[in-house]
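> One predicted model, sequence on top.
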Amino acid sequence: DLILAKSLSRLGTESAFVVLARAQKLAAEGRDIINLGIGQPDFPTPDHIVEAGIKALRDGHHGYTPANGIPALREAVAADLHRRHGTEVNPDNVVVVPGGKPTMFFAVMMFGEPGAEIMYPNPGFPIYESVIRYSGATPVPIALKEENGFAFSAETVLSQITPATRLIIINSPANPTGGVTPKEEIDKLVAGLMDHPHVALMSDEIYSNMLYGGRQHTSLLSYPEIRDQLIMLDGWSKTYAMTGWRLGYAVWPDALVDHVTRLCINDHSCVNAATQNAGIAALNGPQDAVHDMVEQFDARREVIVRELNALPGVTCTDAAGAFYAFPNITGTGMTAAQAQDHFLDKAGVATVAGTSFGKHGEGYVRFSYANSTENILAAMERIKAIL
Ligand code: PLP
């Protein structure tokens with residue numbers, strides 16, 4: 001047998017991909033499956049962005065680019081952040097990577113080692129905990145509660161800081177809960193972190209364009225006092241329906257830019273040039289497609305929250321952001337895993353058990369509404385019939 005590094009056994013995965021594979025297998029066997037398990041927009045990438053990628057290939061953009069990203073792309077990111085959040089960002093602090101995930105991986109590997117503690121949302125995006133364990137650091141969950149709309153509580157986060165804390169990860173709007181953390185709570189968190197200048201904060205803002213019911217996104221970039229501690233992650237996957245292109249970025253503090261650039265050089269050299277050019281077109285071009293997509297998500301959100309609340313034994317908060325509803329299913333008598341299997345096997349509806357996002361997800365199931373209203377209504381009918 002080959003002798004593998006022990007660290008490999010600590011690496012987790014993203015169960016949404018496992019559910020997707022099972023749903024696809026059932027579909028291949030002829031079952032009619034409605035997929036509310038997947039975490040990606042069901043819209044195509046807007047045409048002008050696709051054309052920019054094709055044009056870049058035709059124009060001969062076939063070589064390496066700077067490891068941190070094409071300068072015009074990093075300038076477009078800075079301009080976009082100014083437009084959306086009213087903040088000044090130096091393009092030299094922007095590092096472009098293949099998607100949202102690499103920033104997480106690099107940030108955690110930069111701070112994580114045995115003896116270090118890293119805080120992360122639970123339930124939350126499963127890759128946070130996986131990578132923290134892989135690094136050898138101790139994962140410290142930030143329990144998110146339904147009664148707070150799954151928002152972060154600054155008090156909870158601050159009370160868990162110890163001398164071993166190196167990095168805190170937050171995510172708003174959030175996967176899998178749709179929770180949005182209000183500005184007052186972020187104000188308190190930032191104020192509290194001023195007492196802990198050695199603790200870094202990674203704010204995953206990949207759903208920053210997807211807030212509903214008149215809510216406004218509060219970017220951590222709008223707090224100048226925390227810039228030296230802040231890694232702000234965002235990207236193109238969700239906003240521009242570009243999950244398969246693999247394009248994301250983070251704004252890094254001055255002290256970390258060289259370190260992360262070196263990680264990029266060691267890992268992937270650069271993001272492919274055609275994709276980066278498509279990314280420029282996305283940011284600098286018309287935003288109508290983004291607005292239309294968000295409007296459609298909002299309409300579907302109202303439908304799915306209403307229909308979930310009408311199911312026996314199920315209650316659902318109003319899902320303030322992203323494109324997920326996270327109903328409480330404890331009234332059905334099933335565990336999260338049982339509900340996920342029951343919905344798929346008996347109703348042909350793919351969802352993801354809350355426990356796939358951490359132990360605090362027990363009692364909940366994630367429904368993605370990145371699917372048509374027609375399919376959402378059909379899925380709810382089928383689930384109602386089996387409950
Ligand atoms: N962050 C969160 C909270 C996510 O939900 C996702 C994707 O599901 C990502 C980051 C990763 O995005 P990407 O596909 O760009 O790596």
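Nice, I can see it.

> Around the ligand, which positions in the stretch 101-250 of the chain sit nearby?
Of all the residues in the stretch 101-250 of the chain, those in contact range of the ligand (CB under 6 Å from any ligand atom) are Lys101, Phe125, Asn171, Asn175, Asp204, Ile206, Gly235, Ser237, Thr243, Gly248. Bear in mind the C-beta positions are built from the backbone N, C-alpha and C, glycine included.

> Considering these, which is situated nearest to Lys188?
Asn171 (17.2 Å; CB to CB).

> confidence score at the spatially closest residue to that closest one that is not a sequence neighbour?
Among residues not flanking Asn171 along the chain, Asp204 sits closest, at 4.1 Å (CB to CB, 6 or more residues apart in numbering). The model reports Asp204 with a pLDDT of 98.

> Across the sheet, point out what pairs with Asp204.
Each beta-bridge partner of Asp204 is listed here, defined by DSSP bridges: Asn171, Leu233.

> OK, contacts around it?
For Asp204, the set of contacting residues under the criterion of CB atoms under 8 Å, 6 or more residues apart in numbering consists of Gly100, Met104, Phe125, Ile169, Ile170, Asn171, Leu233.

> now, the most widely separated pair of these?
Set against one another by CB to CB, the contacts of Asp204 have their most distant pair in Gly100 and Ile170, with a gap of 14.2 Å.

> buried ones in stretch 36-47?
For stretch 36-47, burial by neighbour count (16 or more other CB atoms under 10 Å) applies to Leu36, Gly37, Ile38, Gly39, Gln40, Pro41, Asp42, Thr45, Pro46.

> And the average pLDDT for that stretch is what?
The average pLDDT within stretch 36-47 is 93.

> what does it rub up against?
Contacts for stretch 36-47 (CB under 8 Å, 6+ apart): 16, 19-20, 23, 50, 175, 237-238, 240-243, 245, 278, 282, 285, 289, 293, 323-324, 349-352, 366-372, 375-376, 379.

> follow-up on the earlier one: if any of the contacts of Asp204 are buried, give me the PyMOL selection for them.
Here the buried members of those are turned into a PyMOL selection, burial being counted by 16+ other CB under 10 Å:
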select buried, resi 100+104+125+169+170+171+233
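
> which one of the contacts of Asp204 is nearest Asp267?
Each of the contacts of Asp204 was scored against Asp267 by CB to CB, and Met104 proved nearest at 12.9 Å.
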